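K.L.:
I'll drop the sequence and a predicted model, then ask my questions.
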Amino acid sequence: MAVNKLMLDGFAEDDYKLIAIHSSIEAYKLAFFLNKTLSIKLEREVYDVDFSHKEGIAYYQLFSYLNENLCCNYYLVSNKYKLNPEEVIVSNGLFPEEGKVNTNLIYEYKSVDFFLKIEDDTDSVSLKKLLININKIQQVVTAYSIEVSTLKSNKNLIFN
């Protein structure tokens, strides 16, 4: 009797565009400026993206906008979180660590403050135009696209 196996090792959700944004403003302010500049309606999600690190659990702010007309989804997620001393899991060391511990959602890009993920099934969103408009925002230091296939921690960007 022949046995059929389905291998899902090569299956990955790399069909989205990713923009790295460097900005020192709060996430809600960036969402406001993106809404104004890109004519979208990012709204804060009820639940943040929680991710367990060895130091503790971090909560990354998440904003989303689902455009049903163009069949595309926008997600703005913060990349940095500072664990407070009471949130840090105590190590077995002799001296406990004091102060805040910085964690990142995408550890390959530690200097990036936010990521804008665009899930676009119809390729109706121009990445080039998005980057030009985002870089026009005065509070944004820089924004650039990231090749998703090079990310090792791309599973951290699955929000549903």
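P.N.:
Sure, I can see it.
K.L.:
immediately after the top helix by length along the chain, which helix or strand?
P.N.:
Longest helix in the chain by number of residues, with DSSP state H as the criterion: helix 27-38. Next helix or strand after helix 27-38 toward the C-terminus (DSSP states H and E): strand 43-44.
K.L.:
packing partners of that following strand?
P.N.:
Applying 3 or more C-beta pairs under 8 Å, 6 or more residues apart in numbering; DSSP states H and E, one finds that strand 43-44 contacts helix 27-38, strand 62-67. The way it works is simple: take the backbone N, C-alpha and C, and place the C-beta from them, glycine included.
K.L.:
mean confidence (pLDDT) on that strand, please.
P.N.:
Averaged over strand 43-44, pLDDT sits at 96.
K.L.:
that one pairs with which strands?
P.N.:
Here strand 43-44 is paired, per DSSP bridges, with strand 62-67 (antiparallel).
K.L.:
restrict the strand it pairs with to CA atoms and write it as PDB.
P.N.:
Output in PDB follows, covering the C-alpha atoms of strand 62-67 (Å, rounded to 0.1, in the frame of the first residue of the first chain):
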ATOM      1  CA  LEU A  62      -0.500  46.700  17.100                       C
ATOM      2  CA  PHE A  63      -2.600  48.900  14.800                       C
ATOM      3  CA  SER A  64      -4.500  47.600  11.800                       C
ATOM      4  CA  TYR A  65      -6.500  48.700   8.800                       C
ATOM      5  CA  LEU A  66      -8.300  46.300   6.500                       C
ATOM      6  CA  ASN A  67      -9.100  47.800   3.100                       C
END
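K.L.:
what strand or helix carries the closest residue in space to L66 that isn't next to it in sequence?
P.N.:
Leaving aside its chain neighbours, L66 sits nearest to N73 (5.1 Å; criterion: C-beta to C-beta, 6 or more residues apart in numbering). Using DSSP H and E, the element containing N73 is strand 72-78.
K.L.:
after that strand, which helix or strand is next?
P.N.:
strand 80-83.
K.L.:
quick one: strands adjacent to that next one?
P.N.:
As assigned by DSSP bridges, strand 80-83 forms pairs with strand 101-104 (antiparallel).
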